[in-house]
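Chemist: I would like the atomic coordinates for the input below:
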Amino acid sequence: MTGFGISDLESEQGRRRATLAAHERVLTAEVAFLQDARIPPATNRWHFTTMGLAARCIQLQHAIHDGASLGYDDELSPTARAMLSSLVTLAYIIRGRGGKGREARTLAWLLHQEKSADALDRYLWTRRRQKKAALDAYHTPTRAARRAMVAEAASRGVTPAEKAGRRPTWTGLSDLQM
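Modeler: Residues are numbered from 1 along each chain as shown. Predicted coordinates for the structure are as follows:
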């Protein structure tokens with residue numbers, strides 16, 4: 001049995017430095033992307049909220065970066081990836097053409113989230129972690145509100161956006177493409 005040698009430690013430190021440098025480049029690129037996106041200043045509650053959420057995602061990613069700098073990079077990587085994906089989703093929705101375009105993209109995302117929640121529920125139910133009746137009771141009000149929202153939008157001629165690509169994502173695009 002061999003021990004953990006100096007070269008192993010140096011290799012690990014080099015990997016950590018490279019990861020932190022890459023993450024810093026991603027944060028810098030996110031801020032540059034948002035600045036270059038020519039997103040108009042917020043003029044309504046919806047737009048102000050999404051811009052606030054985007055700013056919060058970047059703040060949280062900076063907190064993740066600080067935690068990784070202290071040696072918690074392995075534990076924080078999935079969280080950082082989820083925040084990056086959320087920021088990309090917000091930017092994609094905001095860049096929809098006009099209010100109807102943004103609303104169509106928002107509806108597409110909401111319906112995709114419902115499918116994800118259904119898949120999680122099936123997992124919880126089949127693994128006997130939750131009772132089906134409890135899951136159904138928990139989601140019934142949200143599903144009813146979502147159906148009402150989709151119906152109201154449809155009455156105004158707004159339907160969920162079509163996929164823009166062929167990938168198995170809510171947009172059909174990868175995060176990089178979005």
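Chemist: For residue 112, pull up the helix or strand it's in.
Modeler: helix 98-126 (DSSP states H and E).
Chemist: Ok, residue 158 next?
Modeler: Short version, using DSSP H and E: residue 158 is in no helix or strand.
Chemist: I figured it hits residue 100, correct?
Modeler: Yes - Residue 158 lies in contact with residue 100 (C-beta atoms under 8 Å); the separation is 5.2 Å. Glycine gets a C-beta too; all of them are placed from N, C-alpha and C.
Chemist: Mind listing what's buried along the helix or strand hosting residue 74?
Modeler: When elements are assigned from DSSP H and E, residue 74 belongs to helix 73-94. Of the residues in helix 73-94, those buried under the neighbour-count criterion (16 or more other C-beta atoms under 10 Å) are 73, 76, 80, 83-84, 86-94.
Chemist: helices or strands next to it in the packing?
Modeler: Applying 3 or more C-beta pairs under 8 Å, 6 or more residues apart in numbering; DSSP states H and E, we find helix 73-94 packed against helix 6-36, helix 45-67, helix 98-126.
Chemist: Between residue 158 and residue 100, point out the one with more neighbours.
Modeler: residue 158 (18 against 15; other C-beta atoms under 10 Å).
Chemist: Excluding chain neighbours, what is closest to residue 61?
Modeler: Excluding its sequence neighbours, the residue lying closest to residue 61 (C-beta to C-beta, 6 or more residues apart in numbering) is residue 83, at 5.2 Å.
Chemist: Nearest spatial neighbour of residue 123, chain-adjacent residues omitted?
Modeler: Going by C-beta to C-beta, 6+ apart, residue 123 has residue 129 as its nearest residue, at 7.9 Å.
Chemist: helix/strand/coil for the one you found?
Modeler: coil (DSSP: H, G, I helix; E, B strand; the rest coil).
Chemist: Roughly how far does it sit from residue 135?
Modeler: Counting by C-beta to C-beta, to the nearest Å, the gap from residue 129 to residue 135 is 10 Å.
Chemist: can you check residue 68 too?
Modeler: For residue 68, the distance to residue 135 - C-beta to C-beta - is 35 Å.
Chemist: Same question for residue 98.
Modeler: 37 Å.
Chemist: again, but for residue 84
Modeler: 29 Å.
Chemist: same check, this time on residue 56
Modeler: In terms of C-beta to C-beta, residue 56 sits 29 Å off from residue 135.
Chemist: before we move on, the earlier item: so residue 98 and residue 135 - more neighbours on which side?
Modeler: Higher neighbour count among residue 98 and residue 135: residue 135, with 18 against 8, using other C-beta under 10 Å.
Chemist: tell me the contacts of the closest residue to that one other than its chain neighbours?
Modeler: Excluding its sequence neighbours, the residue lying closest to residue 135 (C-beta to C-beta, 6+ apart) is residue 121, at 4.7 Å. By C-beta atoms under 8 Å, 6 or more residues apart in numbering, the residues touching residue 121 are 130, 132, 135, 139.
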